[in-house]
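> Any chance you could fold what I've pasted below:
(one chain, ligands or ions: 2)
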Amino acid sequence: SRKIFSGIQPTGSLHLGNYLGAVRKWTHLQKARENVTLCIVDMHSITMPHNPPMLRENIFMMAATLLACGVDPAQSTLFVQSGVMEHAELNWILSSLTTMPRLAQLPQFKEKSRRVKDVPLGLYVYPVLQAADIMLYKATHVPVGADQLQHIQLAQHLIRAFNTRYGEMFPECSPMIEENDASRVLSLREPSKKMSKSDQDPRGTINLSDSPELIREKIKKAVTDFTSDITYSPSMRPGVSNLVNIHSHVTDESIATVVEEAKLLDTAKYKERVADAVIEHLRPIREKINMHLANERELCYVLEMGAEKARKVAQHTMSEVKQRLGLGISG
Ligand code: ATP
Ligand code: MG
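Ligands and ions are numbered 1, 2, ... in the order given. Alright, predicted model coming up:
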């Protein structure tokens, strides 16, 4: 059966694109009774200079957000990476199974290392740690964005290298990439680009923590075009189609239904309707985020239980790994 692993960096609040494109899919997999492991990868967040109190806050924010979005800790395994030390341990072992040129050519490394004068070793090893995350749980499926494809390919390479050198132990892992018009949420300001955390213009992005007033404001100012009726045509009318797509997602109605029901509306009126729908959909999520954040002890408890579940699997994998490598004195 499938084992699904996904890592998410504790970057504070999530936006509507992360929610519709990633988190909601995890909750659907969970509903379908799939084996889902979700890891808040805090050790991946220190490869570039960071602010410690902010990191801590962001870990809690991410955990609260995932729970509010419907991640069920009784069904899925939700935990924080640094609480399971086997991630760092396997990372070390895997680092001897790949080469420096292979890591140096990865696009994300090339792009990020260009921005700093002295490149941290952690930035370089980052994708090896990512492979360790996946392999510890013997994951077979990894939901990721298209920009992570090369990292999954590195994990596949490490899995093959390990299995070849030390005997079959890890299953093949495949990326689950679903990037099409319907799963990509676009920036409200520049509908030629996707909605993104790193967008310089905050008006392009709807955060799950935005107030209803702010959400309405952002949707009202969303860039559309000079045609006033509502149609769905992502290539010709990306701005309006993005609103239709968001509307369809948050109401669970088909694109056709949403468009049909907007027949008599102009763009301004339609934006009001979309804003209402988004606000209604996000309201309970925002309330739950605040509820979880207000109860830090409970949140810690949930994460510790998750770490315990994860540790059991990770420790089992690591003892097998050490045995295969001839490390230590047991076996
Ligand atoms: P950054 O700009 O820093 O890359 P991001 O907004 O792209 O941030 P990520 O943390 O890279 O967010 O992505 C987390 C998850 O959300 C990934 O699975 C990614 O595919 C998904 N995702 C990100 N942006 C969108 C979007 N606009 N529409 C749909 N899915 C998205
Ligand atoms: Mg991204």
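
> all contacts plus neighbour counts: C-alpha atoms, from now on.
OK.

> Name the residues of stretch 311-318 that come out as buried.
Neighbour-count burial for stretch 311-318 flags Arg311, Ala314, Gln315, Thr317, Met318 (criterion: 16 or more other Cα atoms under 10 Å).

> so what's Pro171 up against?
By Cα atoms under 8 Å, 6 or more residues apart in numbering, Pro171 lies in contact with Lys138, Ala139, Thr140, Ile159.

> can you tell me how far it sits from ligand 1?
To ligand 1, Pro171 is 22 Å away according to Cα to the nearest ligand atom, to the nearest Å.

> tell me the pLDDT at that residue?
You'll see Pro171 listed with a pLDDT of 98.

> Show me where the stretch 151-300 of the chain has its helices.
Counting by DSSP state H, counting those that start in this stretch, the stretch 151-300 of the chain has helices at residues 212-220, 238-251, 255-261, 267-294, 296-325.

> what helices or strands is the longest one leaning on?
Other helices and strands packing on helix 296-325, by 3 or more Cα pairs under 8 Å, 6 or more residues apart in numbering; DSSP states H and E, are helix 52-68, strand 77-80, helix 86-94, helix 121-136, helix 267-294.

> State the mean pLDDT of that helix.
Averaging pLDDT along helix 296-325 gives 98.

> Please spell out which residues along that helix are buried.
299, 302-311, 314-315, 317-318, 321-322.

> returning to what we had before: would you list the buried residues of stretch 311-318 in JSON lines and tack on distance to Pro107?
Shown next, in JSON lines, are the buried residues of stretch 311-318 (distance: Cα to Cα, whole Å):
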{"residue": "Arg311", "distance to Pro107": "32"}
{"residue": "Ala314", "distance to Pro107": "29"}
{"residue": "Gln315", "distance to Pro107": "32"}
{"residue": "Thr317", "distance to Pro107": "30"}
{"residue": "Met318", "distance to Pro107": "30"}
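
> Dump the residues you listed into TSV; add distance to ligand 1 as well.
What follows is these, written out as TSV (distance: Cα to the nearest ligand atom, whole Å):
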residue	distance to ligand 1
Arg311	24
Ala314	23
Gln315	27
Thr317	26
Met318	27
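
> Which one of those residues is nearest to Met169?
Lowest distance from Met169 to the buried residues of stretch 311-318 (Cα to Cα) belongs to Thr317, with 9.2 Å.

> ok, that closest one touching Ala139?
No: assessed by Cα atoms under 8 Å, Thr317 is found out of contact with Ala139, at 11.6 Å.

> Going by neighbour count, list what's buried in stretch 78-89.
Leu78, Phe79, Val80, Gln81, Ser82, Gly83, Val84, Glu86, His87, Ala88.

> Tabulate those (CSV), appending distance to ligand 1 and pLDDT.
CSV is the format used below for these (distance: Cα to the nearest ligand atom, whole Å; pLDDT from 0 to 100):
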residue, distance to ligand 1, pLDDT
Leu78, 16, 98
Phe79, 17, 98
Val80, 16, 98
Gln81, 16, 98
Ser82, 18, 98
Gly83, 21, 98
Val84, 21, 98
Glu86, 23, 98
His87, 20, 98
Ala88, 21, 98
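
> which outside residues touch stretch 65-75?
Stretch 65-75 is touched from outside by 13-14, 19, 23-24, 26-27, 30, 33, 36, 285-286, 288-289, 292, 302, 306, with contacts defined as Cα under 8 Å, 6+ apart.

> cool, and stretch 288-305?
Stretch 288-305 is contacted from outside by Phe60, Met61, Ala63, Ala64, Thr65, Leu67, Ala68, Pro73, Leu78, Phe79, Val80, using Cα under 8 Å, 6+ apart.

> How much space separates the fourth one from Thr140?
Look at Ala64 and Thr140: by Cα to Cα, to the nearest Å, they are 27 Å apart.

> Pick out whichever of these two has more residues nearby.
More neighbours surround Ala64 than the other of Ala64 and Thr140, with 25 against 19 (other Cα atoms under 10 Å).

> ok, now which ones touch that one?
Counting by Cα under 8 Å, 6+ apart, Ala64 makes contact with Lys288, Ile289, Asn290, His292, Leu293, Leu299.

> Look up how far ligand 1 lies from the second one.
Ile289 is 18 Å from ligand 1, where distance means Cα to the nearest ligand atom.

> Tell me how many other residues crowd that residue.
Burial of Ile289 is recorded as 24 neighbouring residues (other Cα under 10 Å).

> Same check on the third one?
A count of nearby residues for Asn290, using other Cα under 10 Å, gives 16.

> Just the pLDDT for Asp147.
88.

> before we move on, what about Val223?
Val223 is assigned 97 on the pLDDT scale.

> so where's this structure uncertain?
331 (pLDDT under 70).

> doesn't Ile279 make contact with Thr251?
No: using Cα under 8 Å, Thr251 is not in contact with Ile279; the gap is 11.0 Å.

> Looking at the two, which is more packed in?
Neighbours were counted for Thr251 and for Ile279 using other Cα under 10 Å; Ile279 has more, 22 against 14.

> Quick check: closest non-adjacent residue to that one.
In this structure, Ile279 finds its nearest non-sequential neighbour in Pro212, 5.7 Å apart by Cα to Cα, 6 or more residues apart in numbering.
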